[in-house]
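**Q** Whatever this is, show me its structure:
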Amino acid sequence: MNHFLDIHKTDPADLRAMIDQAGQMKQARQGRPKGTADDDQPLKGRMVALIFEKPSTRTRVSFDVGVRQMGGETMLLSGGDMQLGHGETIADTARVLSRYVDLIMIRTFDETVLTEMAEYADVPVINGLTDRTHPCQIMADVMTYEEHRGSIAGRKVVWAGDGNNVCASFLHAAGQFGFDLTFTGPPQLDPEAEFVDFARNMGSTITIERDAARAVQDADLIVADTWVSMHDAQSARERRHNMLRPYQVNAALMAQAKPDALFMHCLPAHREEEVTSEVMDGPNSVIWDEAENRLHAQKAVMRWCLGV
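**A** Below you'll find the model as predicted:
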């Protein structure tokens with residue numbers, strides 16, 4: 001059974017096959033109205049449970065639309081609906097859901113909720129996001145980069161800001177897809193050593209550079225994310241802004257990278273904080289393609305999980 005829990009837990013050949021299939025499915029939909037089904041209906045007769053303990057826009061919509069385009073049906077469940085781990089155990093919930101659905105996608109806080117769901121489910125489980133990683137986003141990001149610039153192998157990616165869950169999955173991807181990554185941000189927000197060590201052990205060059213302008217020199221791709229979480233208190237927000245202000249992605253910083261360097265952001269963005277509108281709406285930004293590609297990449301992930 002193919003769970004999609006993290007990029008570093010998935011064979012590189014399978015990751016490559018998913019990216020390639022995502023591109024093929026996207027191409028096949030060119031010119032087709034958004035609400036129409038794919039010609040190929042690999043999920044026909046399948047039911048997919050979409051569990052959201054954390055609020056979501058892109059993950060919810062992209063998974064829901066993706067299942068429908070491939071002929072399947074979705075069951076949307078919130079944390080309030082299920083109260084995971086606050087009554088019935090996660091293990092028992094996994095066992096019960098496995099009797100009703102063919103695939104489970106879960107977006108949760110604690111990584112152990114995801115891993116326990118996968119351990120006890122009799123159907124594939126997909127990581128829609130945890131506090132530690134966000135693999136589906138990075139599959140879309142790799143797809144987007146390669147649409148615009150060709151293979152990401154050997155390229156230099158710069159992560160600017162907080163070494164958060166998206167940064168962690170970028171480090172996993174560096175090891176699996178063979179690119180290098182430079183992190184630039186304050187030491188208090190460095191990515192976990194475990195993620196850095198994985199990429200280095202796979203042969204990628206991982207650099208920590210505190211000077212943002214120096215970090216982006218010769219960069220092929222610059223990536224940012226929000227500085228604050230929706231759950232952060234106001235005092236924490238102010239501290240983070242003070243720490244992260246030197247790492248804002250603006251036109252001056254982009255000018256230090258390669259002229260054709262791309263900019264990505266997983267969205268939602270706080271304009272004029274981690275990135276300026278000038279960059280977001282500028283010619284090097286591919287954020288809207290990146291957002292769309294969540295749909296196509298996740299369709300490929302679901303097909304891989306189900307073997308269809």
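**Q** For residue 275, give the beta-bridge partners.
**A** Note on residue 275: beta-bridge partners residue 249, residue 271, judged by DSSP bridges.
**Q** wait, it sits on residue 248?
**A** Yes: contact criterion C-beta atoms under 8 Å: residue 275 and residue 248 qualify, at 6.8 Å. Placement of C-beta: from N, CA and C, glycine included.
**Q** More neighbours: those two, which one.
**A** The residue with more neighbours, out of residue 275 and residue 248, is residue 275; 28 against 20, by other C-beta atoms under 10 Å.
**Q** Give me the below-cutoff pLDDT ranges for this structure.
**A** The model of the chain has pLDDT under 70 over residues 83, 85, 230-233.
**Q** ok, which stretches of it are strands?
**A** 47-52, 73-78, 103-107, 125-129, 156-160, 180-184, 206-208, 221-224, 262-265 (DSSP state E).
**Q** And the contacts of the third one?
**A** For strand 103-107, the external contacting residues (C-beta atoms under 8 Å, 6 or more residues apart in numbering) are 46-54, 56, 59, 63, 94, 97-98, 113-114, 117, 121, 123-129, 302, 305-306.
**Q** from those residues, which would you call buried?
**A** When these are checked for burial by 16 or more other C-beta atoms under 10 Å, the buried set is 46-54, 59, 63, 94, 97-98, 113-114, 117, 121, 123-129, 302, 305-306.
**Q** Residue 168 - nearest residue in space that isn't next to it in sequence?
**A** residue 195 (4.6 Å; C-beta to C-beta, 6 or more residues apart in numbering).
**Q** Burial check on that neighbour, number of neighbours?
**A** Residues near residue 195, counting by other C-beta under 10 Å, number 26.
**Q** Spit out the contact partners of it.
**A** Contacts of residue 195 (C-beta under 8 Å, 6+ apart): 167, 168, 171, 172.
**Q** Next, the buried residues of stretch 36-49.
**A** Quick answer for stretch 36-49 (16+ other C-beta under 10 Å): 38, 42, 43, 46, 47, 48, 49.
**Q** and the end-to-end length of it?
**A** Stretch 36-49 has an end-to-end distance of 21 Å (C-alpha to C-alpha, to the nearest Å).
**Q** can you list contacts of stretch 291-304?
**A** When contacts are defined by C-beta under 8 Å, 6+ apart, stretch 291-304 is touched by residues 2, 4, 14, 17-19, 21-23, 25-26, 42-43, 48, 58-59, 62-63, 65-67, 69-70, 103, 126, 136-137, 139-141, 143-144, 147, 267.
**Q** measure the residue of the chain positioned farthest from its centre to residue 93 for me?
**A** For the chain, the residue at maximal distance from the C-alpha centroid (C-alpha atoms, centre = their mean) is residue 87, at 30.3 Å. Between residue 87 and residue 93 the distance is 9 Å, computed by C-beta to C-beta, to the nearest Å.
**Q** what's the burial count for residue 89?
**A** For residue 89, the number of neighbouring residues by other C-beta under 10 Å comes to 13.
**Q** contacting residues for the closest residue to residue 192 other than its chain neighbours?
**A** Nearest non-adjacent residue to residue 192, counting by C-beta to C-beta, 6+ apart: residue 168, 6.6 Å away. Applying C-beta under 8 Å, 6+ apart to residue 168 gives the contacts 132, 133, 134, 191, 192, 195.
**Q** among the residues you listed, which are in helices?
**A** Using DSSP state H, the members of the contacts of residue 168 that fall in helices are residue 195.
**Q** among the contacts of residue 168, which two are most distant?
**A** Spatial extent of the contacts of residue 168 (C-beta to C-beta) is set by the pair 134 and 192 at 13.8 Å.
**Q** of these two, who's got more company?
**A** Applying other C-beta under 10 Å to residue 134 and residue 192 shows that residue 134 carries more neighbours, namely 26 against 13.
**Q** Pull up the gap between the more buried one and residue 184, please.
**A** 19 Å.
**Q** what's the answer for residue 116, then?
**A** Relative to residue 184, and taking C-beta to C-beta, residue 116 is found at 35 Å.
**Q** Repeat that for residue 20.
**A** According to C-beta to C-beta, residue 20 stands 31 Å off from residue 184.
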